[in-house]
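Trainee: give me coordinates for this.
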Amino acid sequence: SIRLDDFVIRRGQGSSGDEDKNYVHDQGTAASTWSIQHNLNKFPSVSVVDSANSIVIGEVTHTDSNNLTVVFSAGFSGKAYLN
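Mentor: Purely as a prediction, here's the structure:
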């Protein structure tokens, strides 16, 4: 018989059992353009927060599968979460 557990993909794992790759970029110096080398070998989603942990929206450009830039209307420091 077939069980539902046979079809469940565990959180953080792909069908091969490999953990999903992620990267946290710490932008310590205020800047309006962040250049991020993440080496994830994929085009990750990007979430950004400022130093007060408020969400900030920027324009993301994937240079290639290991690098991207995020452009904001003003410079600030914070973190980018890529996954």
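
Trainee: show me where the chain has strands.
Mentor: Applying DSSP state E to the chain gives strands spanning 23-37, 46-50, 55-56, 59-64, 67-82.

Trainee: want to try JSON lines for those, with mean pLDDT as columns?
Mentor: JSON lines is the format used below for these (pLDDT from 0 to 100):
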{"stretch": "strand 23-37", "mean pLDDT": "98"}
{"stretch": "strand 46-50", "mean pLDDT": "98"}
{"stretch": "strand 55-56", "mean pLDDT": "98"}
{"stretch": "strand 59-64", "mean pLDDT": "98"}
{"stretch": "strand 67-82", "mean pLDDT": "98"}
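
Trainee: quick check: closest non-adjacent residue to residue 32.
Mentor: Once flanking residues are discounted, residue 32 sits nearest to residue 75: 4.3 Å by Cβ to Cβ, 6 or more residues apart in numbering. C-beta: built from backbone N, CA, C; applies to glycine.

Trainee: from memory that neighbour sits against residue 50, does it?
Mentor: No. Using Cβ atoms under 8 Å, residue 75 is not in contact with residue 50, being 10.5 Å away.

Trainee: follow-up on the earlier one: save the strands of the chain as JSON lines, and put in mean neighbour count too.
Mentor: Shown next, in JSON lines, are those (neighbours: other Cβ atoms under 10 Å):
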{"stretch": "strand 23-37", "mean neighbour count": "14"}
{"stretch": "strand 46-50", "mean neighbour count": "16"}
{"stretch": "strand 55-56", "mean neighbour count": "13"}
{"stretch": "strand 59-64", "mean neighbour count": "12"}
{"stretch": "strand 67-82", "mean neighbour count": "16"}
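
Trainee: and the most centrally placed residue in the chain, how far is that from residue 39?
Mentor: Taking Cα atoms, centre = their mean, the centroid of the chain lies closest to residue 82, which sits 0.9 Å from it. To residue 39, residue 82 is 10 Å away according to Cβ to Cβ, to the nearest Å.
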